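K.L.:
for reference, the sequence and a predicted model appear below.
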Amino acid sequence: MGQRHLPQLPSLERVRSIALGPASRKLVRAPAVRGLAFFLWEKRWFFIALAVGAFIMHLPTPEKLSPEGQIVLAMSIVAVILFVTEPVPLPTVALMIIVGEVLLLGIESTDVARSLMSDSVLFIMGSLMLAVAVVKQKLDKRIAYLIVRMTGTGTFNVCMGISFVSGLLASFIGEHTVAAMMLPVAITLISLTSDDPRNVRRLAAVLLFSISYGASVAGIGTPSGGARNAIMIGYWKEFFFDPADPETRKYLVDYVTWMIYAYPVFLMQLPFVTGVLFLTFKPEYRSIARAVVKLRRQIEKEGAMKPADWLTICVFGVILVGWMTLSSDIGLGTVAILGATLFLVLGLVRWQDLNDGVNWGVVWLYAAAISLGIQMKDTGAAHWVATSFLDLLGTVGVDSGIALWTAVSALTTGVTNTMSNGAAVAVLGPITLNMAHAAGESPIVIGFITAISSAFAYLTVIGTPACTIVYSSGYLKTTDFLVVGTRMVVISTLILLFAASVYWPLLGL
């Protein structure tokens with residue numbers, strides 16, 4: 001006999017719905033309603049940001065601002081709100097910027113794609129690859145142990161040591177490079193302290209920010225510390241130097257002269273980095289002695305340096321020399337990608353390691369931020385913001401002396417946290433220097449204030465590659481940058497104003 005098929009019985013929810021009528025069906029749908037309400041509340045800042053952007057776009061276009069510039073400003077404000085509140089993953093914001101440039105600004109998608117892949121983006125991508133290669137060979141552990149042996153196991157001293165090493169290196173070879181080198185070192189100390197990121201979140205914050213802020217404050221120290229410095233030196237020469245007038249030779253600022261004026265400003269900021277971080281985050285551990293014990297055991301177990309370790313050091317040394325000698329010709333990004341290629345060719349790292357270890361979302365995030373910064377410059381939005389701000393200063397009488405210096409620093413700080421520091425100086429430099437000449441202020445002083453303030457990109461993930469690189473670790477939140485960055489901006493600004501009013505006059509400014 002064939003098997004009989006029993007009729008399908010109604011579910012319990014169906015039985016209750018039939019027995020109790022429409023009231024029951026409302027109860028059955030309640031979880032879905034609650035789910036929708038939870039989704040809307042969780043994403044509230046996403047919808048608020050879109051509403052703010054739409055409102056700005058539909059305002060009357062201000063005088064001297066193009067419609068495209070107004071759209072770019074709206075997109076920038078939306079992006080900043082989403083960066084700070086993080087209702088969606090940050091790479092989502094990057095994708096929204098790309099789509100917005102095509103749909104709202106009417107830019108060809110091919111042109112948008114070109115703006116995404118700049119040398120800075122190649123550098124971020126290559127640097128993250130190099131960091132994975134260093135971890136693969138476990139050199140990060142040896143470097144971390146070397147630093148701890150110099151500083152001791154106290155958390156405060158370790159952070160001071162990391163900031164000092166990061167700053168000393170970044171003042172000559174650039175903060176991008178140093179952040180990529182030091183990230184694996186900090187992650188090693190964090191992971192050995194606890195396997196659970198929730199137990200070391202504040203410790204991770206002070207160690208990682210020690211790298212990014214230590215490198216950021218140091219980038220002002222020498223002309224090779226950042227592109228913004230070279231840009232300002234070029235502006236001084238172009239705007240004020242006259243070969244027929246010997247008096248204008250003071251505008252030919254060379255490497256040593258820049259260091260005399262700017263390096264002490266970096267050194268004055270450096271001790272405050274660790275203090276601000278400890279006051280802000282209060283790490284869970286006063287000492288990382290247990291992590292150091294584990295670290296020493298692991299190093300002893302691995303034994304002496306192997307040929308692959310020495311080869312890794314040699315390759316990294318070649319990359320450093322390339323950054324210092326070839327970057328002006330072929331770019332920092334090309335050197336970084338070449339270094340990653342060498343690691344792959346020599347078999348020191350596998351592509352699967354790079355694919356798994358690199359936070360590709362961070363690469364997209366930085367690429368989109370740079371692309372938006374380009375549109376701010378090309379549409380005139382950045383210039384409009386700068387000139388409007390300076391016009392406002394004139395109406396309130398803030399057009400000379402320390403009040404003007406403070407305003408220039410605040411303007412530069414605001415702009416540099418939404419676009420790269422090099423682009424910020426490129427846009428603001430001509431405006432602030434011409435304003436200095438018209439106000440009877442020293443263009444050298446105003447130029448230094450503009451260039452140095454462009455390093456105060458502490459507030460956002462995309463303010464500088466150093467911040468972007470440490471954010472890729474996954475230990476930090478975007479709100480962390482805003483909280484501690486605000487305090488760093490205040491302290492750095494006060495130190496800069498002190499140097500401009502007390503130290504630089506001693507040098508003849």
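P.N.:
Received the coordinates, thanks. These numbers come from a predicted model, not from an experiment.

K.L.:
from here on, just use CA atoms for contacts and neighbour counts.
P.N.:
Will do.

K.L.:
with just CA atoms, put stretch 91-108 into PDB.
P.N.:
Output in PDB follows, covering the C-alpha atoms of stretch 91-108 (Å, rounded to 0.1, in the frame of the first residue of the first chain):
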ATOM      1  CA  PRO A  91      33.200  52.400   4.200                       C
ATOM      2  CA  THR A  92      29.500  52.900   3.400                       C
ATOM      3  CA  VAL A  93      30.100  56.700   3.700                       C
ATOM      4  CA  ALA A  94      32.900  56.300   1.100                       C
ATOM      5  CA  LEU A  95      30.500  54.600  -1.300                       C
ATOM      6  CA  MET A  96      27.900  57.300  -0.700                       C
ATOM      7  CA  ILE A  97      30.500  60.000  -1.600                       C
ATOM      8  CA  ILE A  98      31.300  58.200  -4.800                       C
ATOM      9  CA  VAL A  99      27.700  57.800  -5.800                       C
ATOM     10  CA  GLY A 100      27.000  61.400  -4.800                       C
ATOM     11  CA  GLU A 101      29.700  62.800  -7.000                       C
ATOM     12  CA  VAL A 102      28.200  61.100 -10.000                       C
ATOM     13  CA  LEU A 103      24.500  61.700  -9.400                       C
ATOM     14  CA  LEU A 104      24.600  65.100  -7.600                       C
ATOM     15  CA  LEU A 105      27.600  66.800  -9.200                       C
ATOM     16  CA  GLY A 106      27.200  65.200 -12.600                       C
ATOM     17  CA  ILE A 107      30.800  64.100 -12.800                       C
ATOM     18  CA  GLU A 108      31.600  61.200 -15.200                       C
END
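
K.L.:
pull out the buried positions in it.
P.N.:
For stretch 91-108, a neighbour-count test (16 or more other C-alpha atoms under 10 Å) marks 91-94, 97-101, 105 as buried.

K.L.:
can you list these in TSV and add pLDDT and secondary structure?
P.N.:
Listed next are the buried residues of stretch 91-108 as TSV, based on pLDDT from 0 to 100; DSSP: H, G, I helix; E, B strand; the rest coil:
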residue	pLDDT	secondary structure
91	83	helix
92	88	helix
93	86	helix
94	85	helix
97	90	helix
98	90	helix
99	92	helix
100	91	helix
101	91	helix
105	89	coil
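
K.L.:
now those residues in CSV, please, with extra columns for distance to residue 229.
P.N.:
Converted to CSV, the buried residues of stretch 91-108 look like this (distance: C-alpha to C-alpha, whole Å):
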residue, distance to residue 229
91, 30
92, 33
93, 30
94, 28
97, 29
98, 30
99, 33
100, 32
101, 30
105, 32
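
K.L.:
could you pull out the helices for the stretch 201-350 of the chain?
P.N.:
In the stretch 201-350 of the chain, the helices defined using DSSP state H, counting those that start in this stretch lie at 201-218, 227-240, 255-281, 289-302, 307-325, 327-330, 332-345.

K.L.:
and the ones you listed, which one's lowest on average pLDDT?
P.N.:
The stretch with the lowest mean pLDDT among the helices of the stretch 201-350 of the chain is helix 327-330, at a mean of 70.

K.L.:
burial measure for the residue nearest to residue 381 when sequence neighbours are not counted, as a count.
P.N.:
Closest residue to residue 381 apart from its sequence neighbours, by C-alpha to C-alpha, 6 or more residues apart in numbering: residue 69 at 4.6 Å. Counted with other C-alpha atoms under 10 Å, residues neighbouring residue 69 total 25.

K.L.:
chain center to the helix or strand residue 69 falls within, what's the gap?
P.N.:
Assigned by DSSP states H and E, residue 69 belongs to helix 67-85. Computed by C-alpha atoms, centre = their mean, to the nearest Å, the chain-centroid distance of helix 67-85 equals 18 Å.

K.L.:
what packs against it?
P.N.:
Other helices and strands packing on helix 67-85, by 3 or more C-alpha pairs under 8 Å, 6 or more residues apart in numbering; DSSP states H and E, are helix 44-57, helix 90-103, helix 360-378, helix 381-395, helix 478-498.

K.L.:
among these, which comes closest to residue 184?
P.N.:
Closest approach to residue 184 among the helices and strands packed on helix 67-85 is made by helix 360-378 (16.2 Å; C-alpha to C-alpha).

K.L.:
what pLDDT, on average, does the closest one get?
P.N.:
Mean predicted confidence for helix 360-378 is 78.

K.L.:
centre of the chain to that helix, how far?
P.N.:
On the basis of C-alpha atoms, centre = their mean, helix 360-378 sits 12 Å off its chain's mean C-alpha point.

K.L.:
now it against helix 90-103, angle please.
P.N.:
40 degrees (axes from the mean of the first three to the mean of the last three C-alpha atoms, to 10 degrees).

K.L.:
what's the angle between helix 360-378 and helix 381-395?
P.N.:
Counting by the same axes, to 10 degrees, helix 360-378 lies at 60 degrees to helix 381-395.

K.L.:
check which helices and strands helix 360-378 sits against.
P.N.:
Checking 3+ C-alpha pairs under 8 Å, 6+ apart, helix 360-378 ends up next to helix 67-85, helix 90-103, helix 109-116, helix 119-136, helix 465-471.

K.L.:
pick the most deeply packed of the helices of the stretch 201-350 of the chain.
P.N.:
helix 201-218 (a mean of 29; mean count of other C-alpha atoms under 10 Å).

K.L.:
that older thread, just the CA atoms of the helix holding residue 69, as PDB, please.
P.N.:
Taking C-alpha atoms only, helix 67-85 is exported to PDB below (Å, rounded to 0.1, in the frame of the first residue of the first chain):
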ATOM      1  CA  PRO A  67      25.700  75.600  -7.100                       C
ATOM      2  CA  GLU A  68      28.200  72.700  -7.400                       C
ATOM      3  CA  GLY A  69      30.100  74.200  -4.500                       C
ATOM      4  CA  GLN A  70      27.000  74.200  -2.400                       C
ATOM      5  CA  ILE A  71      26.300  70.600  -3.200                       C
ATOM      6  CA  VAL A  72      29.900  69.700  -2.200                       C
ATOM      7  CA  LEU A  73      29.500  71.500   1.100                       C
ATOM      8  CA  ALA A  74      26.200  69.700   1.700                       C
ATOM      9  CA  MET A  75      28.000  66.400   1.000                       C
ATOM     10  CA  SER A  76      30.900  67.300   3.300                       C
ATOM     11  CA  ILE A  77      28.600  68.100   6.200                       C
ATOM     12  CA  VAL A  78      26.600  64.900   5.700                       C
ATOM     13  CA  ALA A  79      29.900  62.900   5.600                       C
ATOM     14  CA  VAL A  80      31.200  64.600   8.800                       C
ATOM     15  CA  ILE A  81      27.900  63.800  10.600                       C
ATOM     16  CA  LEU A  82      28.100  60.200   9.500                       C
ATOM     17  CA  PHE A  83      31.800  60.000  10.400                       C
ATOM     18  CA  VAL A  84      31.100  61.200  14.000                       C
ATOM     19  CA  THR A  85      27.800  59.300  14.700                       C
END
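
K.L.:
what's the average pLDDT for it?
P.N.:
Summarised as a single mean, pLDDT over helix 67-85 is 85.

K.L.:
contact partners of it?
P.N.:
Applying C-alpha atoms under 8 Å, 6 or more residues apart in numbering, the external contacts of helix 67-85 come out as 45-46, 49-50, 52-54, 56-57, 61, 88, 90, 93, 97, 100, 104-105, 372, 375-376, 379-381, 418, 460-461, 478-479, 482.

K.L.:
for stretch 210-219, same thing?
P.N.:
159-160, 162-164, 166-172, 174-175, 178-179, 182-183, 225-226, 263, 266-267, 269-270, 273-274, 277, 455-458, 466-467, 470.

K.L.:
quick check on these: which are buried?
P.N.:
159-160, 162-164, 166-172, 174-175, 178-179, 182-183, 225-226, 263, 266-267, 269-270, 273-274, 277, 455-458, 466-467, 470.

K.L.:
ok, back up a step: distance to residue 317 added to the helices and strands packed on helix 360-378, as TSV?
P.N.:
Putting the helices and strands packed on helix 360-378 into TSV (distance: least, C-alpha to C-alpha, whole Å) gives the following:
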stretch	distance to residue 317
helix 67-85	36
helix 90-103	32
helix 109-116	29
helix 119-136	12
helix 465-471	20
